[in-house]
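Asks: The following block contains a protein sequence and its predicted model.
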Amino acid sequence: MRRGLGPLLPALVPAAGLAAVALGANIVYSVAGGRLGGPLEWRGAANWVWLAGEPRFWAATGRTFLLVFLTVPIEVAAGLGLALLLHRNLPLRGAVRAAALVPWALPAVVVALLWRWLFHDVAGPAAAVLARAGLGGAPLATPGGAWAVLVAAEVWKTTPFVALILLAGLAAVPPDLEDAAAVDGARPWAVFRHVTWPLLAPGVAAAACLRALDAWRAFDTIWVLTGGGPASATETLPLYVYEVLFARLDLGRGAAAAVASVAGAAVLAASALSIGRLRRA
Amino acid sequence: MRREIAALLALAAACGRAEEPGVTTIRWAVGRDPTGGDEKIVAAFHAANPDIRVEIVPMSMDVGVQHDAYVTQLAAGDAGIDVYALDVIWTAEFAWNNWLRPVDSVIDRIGRAEFLPAPLASATYKGRVWAVPWFTDAGLLYARHDLLEEAGESIPERWDDLLRVAARLRRAPRAGYALQAAPYEGLVCNFLEIAWAHGGGALDADGNPKLDTPENAAALAFMRRLVAEAGAEGALAHKEEEARTLFTEGRAVFMRNWPYAIGLANDPATSKVAGRYAIAPIPAGPAGRHAALGGWNIGVSAFSRHPEAAYRFAEFLASPAAQVILALESSRLPVRWDVYEDSRLVEKAPHLPRLLEGLKAARPRPVHHRYALVSNEIQRAVHAVLSGKVAPEAALGEAQRAIDAAMR
């Protein structure tokens, strides 16, 4: 499998270089501090000690994991269902496929505004339905309600993305194999389980990994939909980092929180990859 | 590196300017103004000052975004903007960072006594004036006098009366009291008005952030009752426009809001309560009556290459001519006493004298160089208490610890 890095270099060098510069600068800032535009003051481990003792940071980290584990399984399951549906020879297949992709094509801010309006307690039609059902007409003002709307908005927006990846995976499954299994007497579920799924699994793993990292760093949807509220109930790591860096202009501590967030994403990616590798072994 | 970038930006900005001989061009950053009033003011300035040209640089109407854009420009020493429109809460931060030139000379030329005291105080930091007051704003109480009369009540003068009447007249889906309780700057204004009335506040006598006081805890406990017993169901997600919509739809007995809602509430096209409500000053408490001061000031950039032209423009913005245009075209409240007696204005805006009463109770939010930090912790603490999740003392104690840790 080793082909050497040569052909990759033109893409790898700028990509890695840019990432290294940004990450490197953050790491340098995370052991320093000072005013925006002023000279750096070295602080050693002080920013990290502060971060480790900051309950708000740990709460935000917990919520970020919660968001990943609430959204990714639903997105993968729904995306798989959607992909299997779109893979069939539906009438107007092109149009149906295009329509299914609309949520993914919308900018996240537009999606968030759309859902905020749907569940707006003064003007939202969905909130009015909830109120009539006796479920409370102001979901965005309660922690549980805000989480439910946030997860629904994320799932609605990104399920088409998962479906798109899996659709490509399904297209790569040779129809002959499925036909051969069917001729051999396998039922549809057995065909899916033993023929389609093994070929599709790498695509599922890739989609889940990409989605997990996206959910980990999600900012725009949450910022616009809930602003981290109510009472910080939806404040995830990216919102917390933004708050420390840009509202407080606390460069050193904000950089430490940002580096910690990158480390969390790396842990997430590494565990997703190793799970994938274990299953292949 | 940073200096090179700043120089490049300045060069790029300079290239865009077509300099006529003898004419100085300055650039004015100000939130986009849909009313067109700002352009009329600039036109009036041009007519009186042919040797200066002012270019408007429209900024985002979201003040948070505007703040972050300013901070990035100024931290880089960008000379592309000469004059900045500044929210009253930014003075200390910008002055502390040496981003502004003091404007004491401009204020002295106009005369300190000409200005309403609260806007001038909002522009003052460590004994110097860092921005010229431009327009002002203060929290007001809106009350449905028809409902009050029906119930045999009058407009409450005191906070505890307000709570009693608002709770009594609440009938779902009609709220007793509409306020701004989403976690954002507006919540800080709503909280401080109640805290000041209870003898609390955000700073101690030495000007250091101090939130965990018995007065603040009492105010917060009162505010929690106000929201629980008289608030709308979704109050914890409401900003100005949600409260305003509730009130103009006839779904609130009282509302705390800024003066901008007067026009909307008077217009039968946007309001079901036109002619059925009155405005009054914010209620009083054991420690008096205090309304949160809003509004904008005009700062001159420390990096401007045309400070004299910038000072002249800032002075013009505080002149009666500009203040009248601003009031008539953009419905902004003047910062000078004399303009409130200007016949051009009084004729068209008969509610102004009543507003001036409300403005006299106005008090600036804490002038502190870490205001953003203090404000954010107030938002978190107050919102957590109003959600019923935490006791006032615990929330304020946690906010104090967070501020102390961040300031260290």
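Replies: That came through, no problem.

Asks: Which residue is the nearest non-sequential neighbour of residue 199?
Replies: Using chain A. residue A:173 (4.8 Å; CB to CB, 6 or more residues apart in numbering or on different chains). For every residue, glycine as well, the C-beta is placed using N, CA and C.

Asks: Hmm, no, I was thinking of chain B.
Replies: Nearest in space to residue B:199, with sequence neighbours left out and distances taken as CB to CB, 6+ apart, is residue B:287 at 3.7 Å.

Asks: show me the contacts for the one you found.
Replies: B:196, B:197, B:198, B:199, B:215 (CB atoms under 8 Å, 6 or more residues apart in numbering or on different chains).

Asks: and those, which are buried?
Replies: Among those, the ones that count as buried by 16 or more other CB atoms under 10 Å in any protein chain shown are B:196, B:197, B:198, B:199, B:215.

Asks: Any chance of a markdown table for those residues, columns pLDDT and distance to residue B:118?
Replies: Shown next, in a markdown table, are the buried ones among the contacts of residue B:287 (pLDDT from 0 to 100; distance: CB to CB, whole Å):
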| residue | pLDDT | distance to residue B:118 |
| --- | --- | --- |
| B:196 | 97 | 12 |
| B:197 | 97 | 16 |
| B:198 | 97 | 20 |
| B:199 | 96 | 19 |
| B:215 | 97 | 21 |
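
Asks: Now, the residues you listed that are in helices?
Replies: Among the buried ones among the contacts of residue B:287, the members found in helices (DSSP state H) are B:196, B:197, B:215.

Asks: Looking at the residues you listed, which one is closest to residue B:256?
Replies: Checking those against residue B:256 by CB to CB gives residue B:197 as the nearest, at 12.3 Å.

Asks: Which residue comes closest to residue A:47 once chain neighbours are left out?
Replies: Counting by CB to CB, 6+ apart, residue A:47 lies nearest to residue A:256, which is 4.1 Å off, once chain neighbours are set aside.

Asks: Show me what the helix or strand where that neighbour lies is packed up against.
Replies: Assigned by DSSP states H and E, residue A:256 belongs to helix A:251-280. Counting by 3 or more CB pairs under 8 Å, 6 or more residues apart in numbering or on different chains; DSSP states H and E, the packing neighbours recorded for helix A:251-280 are helix A:9-30, strand A:32-33, helix A:46-52, helix A:55-87, helix A:197-216, helix A:237-242.

Asks: Quick check: buried residues in that helix?
Replies: Buried residues in helix A:251-280, counting neighbours by 16+ other CB under 10 Å, are found at A:251-262, A:264-265, A:268, A:272, A:276.

Asks: I'd like to know how many residues surround the nearest residue to residue B:311 once chain neighbours are set aside.
Replies: Leaving aside its chain neighbours, residue B:311 sits nearest to residue B:106 (5.5 Å; criterion: CB to CB, 6+ apart). Around residue B:106 there are 22 other residues, counting by other CB atoms under 10 Å in any protein chain shown.

Asks: same check, this time on residue A:69
Replies: As a burial measure, residue A:69 scores 11 neighbours (other CB under 10 Å).

Asks: go on, residue B:208?
Replies: 15.

Asks: mind listing what the most centrally placed residue in chain A touches?
Replies: Against the mean C-alpha coordinate of chain A, by CA atoms, centre = their mean, the closest residue is residue A:215 at 2.2 Å. Residue A:215 makes contacts with A:67, A:68, A:71, A:72, A:154, as judged by CB under 8 Å, 6+ apart.

Asks: need the contact list for the first one.
Replies: I take that to be residue A:67. With contact set as CB under 8 Å, 6+ apart, residue A:67 has these partners: A:150, A:151, A:154, A:215, A:216, A:218, A:236.

Asks: Relative to chain B, which of those is nearest.
Replies: residue A:150 (13.1 Å; CB to the nearest CB).

Asks: what angle separates the helix or strand harbouring the closest one from helix A:197-216?
Replies: Element membership for residue A:150 (DSSP H and E) is helix A:143-171. Put simply, helix A:143-171 runs at 140 degrees to helix A:197-216, going by axes from the mean of the first three to the mean of the last three CA atoms, to 10 degrees.

Asks: Check the model's average confidence along helix A:143-171 for me.
Replies: Helix A:143-171 carries an average pLDDT of 93.

Asks: After that helix, which helix or strand is next? Please name it.
Replies: By DSSP H and E, the next helix or strand past helix A:143-171 is helix A:175-183.

Asks: roughly how far is that following helix from the heart of the chain?
Replies: In terms of CA atoms, centre = their mean, to the nearest Å, the centre of helix A:175-183 is found 35 Å from the chain centre.

Asks: Taking helix A:197-216 as reference, get the angle to that helix.
Replies: Going by the same axes, to 10 degrees, helix A:175-183 makes 120 degrees with helix A:197-216.

Asks: hmm, back to that, which residue comes closest to the residue nearest to the centre of chain A once chain neighbours are left out?
Replies: Nearest-residue entry for residue A:215: residue A:68, 4.6 Å, with adjacent residues in sequence omitted and distances by CB to CB, 6+ apart.

Asks: And residue A:83, by the same measure?
Replies: In space, residue A:83 is closest to residue A:166, 3.7 Å off (CB to CB, 6+ apart).

Asks: Could you pull up the contacting residues of that neighbour?
Replies: If you count contacts by CB under 8 Å, 6+ apart, residue A:166 has them with A:79, A:80, A:83, A:200, A:203, A:204, A:207.

Asks: Also residue B:56?
Replies: Shown in contact with residue B:56 (CB under 8 Å, 6+ apart): B:27, B:28, B:30, B:38, B:39, B:42.

Asks: which SS class is the second one?
Replies: Looking back up the chat, that one is residue B:28. strand (DSSP: H, G, I helix; E, B strand; the rest coil).

Asks: Check what pLDDT it gets.
Replies: 97.

Asks: what's the angle between the helix holding residue A:256 and helix A:197-216?
Replies: Going by the same axes, to 10 degrees, helix A:251-280 makes 170 degrees with helix A:197-216.

Asks: so helix A:251-280 versus helix A:9-30, what angle?
Replies: Going by the same axes, to 10 degrees, helix A:251-280 is angled at 130 degrees with respect to helix A:9-30.

Asks: now helix A:251-280: mean pLDDT?
Replies: What helix A:251-280 shows for mean pLDDT is 85.

Asks: do stretch B:312-323 as well
Replies: 96.

Asks: how about the CA coordinates for it, as PDB?
Replies: Taking Å, rounded to 0.1, in the frame of the first residue of the first chain, the C-alpha atoms of stretch B:312-323 are listed here in PDB:
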ATOM      1  CA  ARG B 312     -14.800  69.400  14.100                       C
ATOM      2  CA  PHE B 313     -17.100  66.700  12.900                       C
ATOM      3  CA  ALA B 314     -17.600  65.300  16.400                       C
ATOM      4  CA  GLU B 315     -18.400  68.800  17.600                       C
ATOM      5  CA  PHE B 316     -20.900  69.200  14.800                       C
ATOM      6  CA  LEU B 317     -22.700  65.900  15.600                       C
ATOM      7  CA  ALA B 318     -23.400  67.400  19.100                       C
ATOM      8  CA  SER B 319     -24.600  70.700  17.700                       C
ATOM      9  CA  PRO B 320     -28.300  71.600  17.900                       C
ATOM     10  CA  ALA B 321     -28.600  71.500  14.100                       C
ATOM     11  CA  ALA B 322     -27.400  67.900  13.900                       C
ATOM     12  CA  GLN B 323     -29.400  66.900  17.000                       C
END
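
Asks: chain center to that stretch: distance?
Replies: Distance of stretch B:312-323 from its chain centroid, counting by CA atoms, centre = their mean, is 19 Å.

Asks: returning to that earlier point: is it possible to get TSV of the contacts of residue A:166 that adds neighbour count, distance to residue B:378 and pLDDT?
Replies: Formatted as TSV, the contacts of residue A:166 follow (neighbours: other CB atoms under 10 Å in any protein chain shown; distance: CB to CB, whole Å; pLDDT from 0 to 100):
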residue	neighbour count	distance to residue B:378	pLDDT
A:79	25	42	95
A:80	21	46	94
A:83	26	48	92
A:200	20	52	89
A:203	20	49	89
A:204	19	46	90
A:207	25	42	91
